[in-house]
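1. quick one, fold the following:
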Amino acid sequence: MGLRFETRASDSPWVDTVWTCTSEQVAEMTSVAAVCWGLVFFEREGTAYASITGPETRTGTAPVPQGATFVGIEFAVGTRLRAVPMLALVDGGIELADVTRRTFRLDGVRWETPGPDDAEALVDRLVHSGTVVRDPLVTEISRGHRPAVSARTVERRFRAATGLTQGAVRQIGRARRASTLLAAGVPVADVISGLEYFDEPHLARALRRYVGRTARQLREGTGGAIALDLDQPTTS
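-> Okay, the predicted model is just below:
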């Protein structure tokens, strides 16, 4: 296998998932639309790198250096970096300078580079310092609550906090969930009804736009390397 990609959930309210990846012979992979921003750390041939990744509104392709190991932290929707506007990160990112194998610099401070098991400890320090902040209104919305403010205020603050509209977050999340279900062998008809797609063409368009795969490719595990852990456990 050219790319080993694994994710785990987090019990931190500031973190969505923590992921790891090891590349072997992969030169390119399919990137997948995502609603979270993140921090990515990787090492190749003894040199360390770190970057801030932004939400992605569409699928695409991304180069993957061979022989690299990655650790990534995907932050919860509604969190953001104090010093970087979220809109500036959408469909892009920032490569961090002054990175060593042990530390990286962010928001003018040097931090210890985390491993997959101590990602939350780093996040706690970033939060405590005020480097990572969040909008409580957006957190409330993400938990399904309806705040007592106008819809216009909600949408404005949601976009400022996430870089995306609420509709985009729902559509991207649904397409990613559909991909996991299809890869687990759930029938297309069940995915359509369970995730409330209108019909099979509607599902196909969403997968093409946000995931870069067809339902058949997801079921068969074909199409090449993809930046999505399709082995995540599913629930009915």
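2. looking at it, residue 96 is touching residue 50, isn't it?
-> Yes - using C-beta atoms under 8 Å, residue 96 is in contact with residue 50, at 4.4 Å. Bear in mind the C-beta positions are built from the backbone N, C-alpha and C, glycine included.
3. what touches both of the two?
-> residue 104 (C-beta atoms under 8 Å, 6 or more residues apart in numbering).
4. more neighbours: these two, which one.
-> Taking neighbours as other C-beta atoms under 10 Å, residue 96 and residue 50 compare with residue 50 leading, 23 against 16.
5. what's the mean pLDDT across the helix or strand containing that one?
-> For residue 50, the host element (DSSP states H and E) is strand 47-53. For strand 47-53, the mean pLDDT works out to 96.
6. same question, stretch 114-123
-> pLDDT averaged over stretch 114-123 gives 96.
7. then stretch 226-236?
-> Averaging pLDDT along stretch 226-236 gives 69.
8. just stretch 16-36 next, same as before
-> Regarding stretch 16-36, the rounded mean pLDDT is 88.
9. so where is this protein shaky, pLDDT-wise?
-> 1-2, 26-27, 232-236 (pLDDT under 70).
10. export the host helix or strand of residue 204 to CSV, keeping only CA atoms.
-> Under the criterion of DSSP H and E, residue 204 resides in helix 200-210. In CSV, the C-alpha atoms belonging to helix 200-210 read as follows (Å, rounded to 0.1, in the frame of the first residue of the first chain):
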residue,chain,number,x,y,z
GLU,A,200,-28.6,8.7,-7.2
PRO,A,201,-27.5,11.5,-9.6
HIS,A,202,-27.7,14.0,-6.6
LEU,A,203,-25.4,11.7,-4.6
ALA,A,204,-23.1,11.2,-7.6
ARG,A,205,-22.7,15.0,-8.1
ALA,A,206,-21.9,15.5,-4.4
LEU,A,207,-19.3,12.7,-4.5
ARG,A,208,-17.7,14.1,-7.6
ARG,A,209,-17.5,17.7,-6.3
TYR,A,210,-16.4,17.0,-2.7
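11. and residue 34, bridged to which residues?
-> For residue 34, the beta-bridge partners are residue 56 (DSSP bridges).
12. cool, thanks, signing off.
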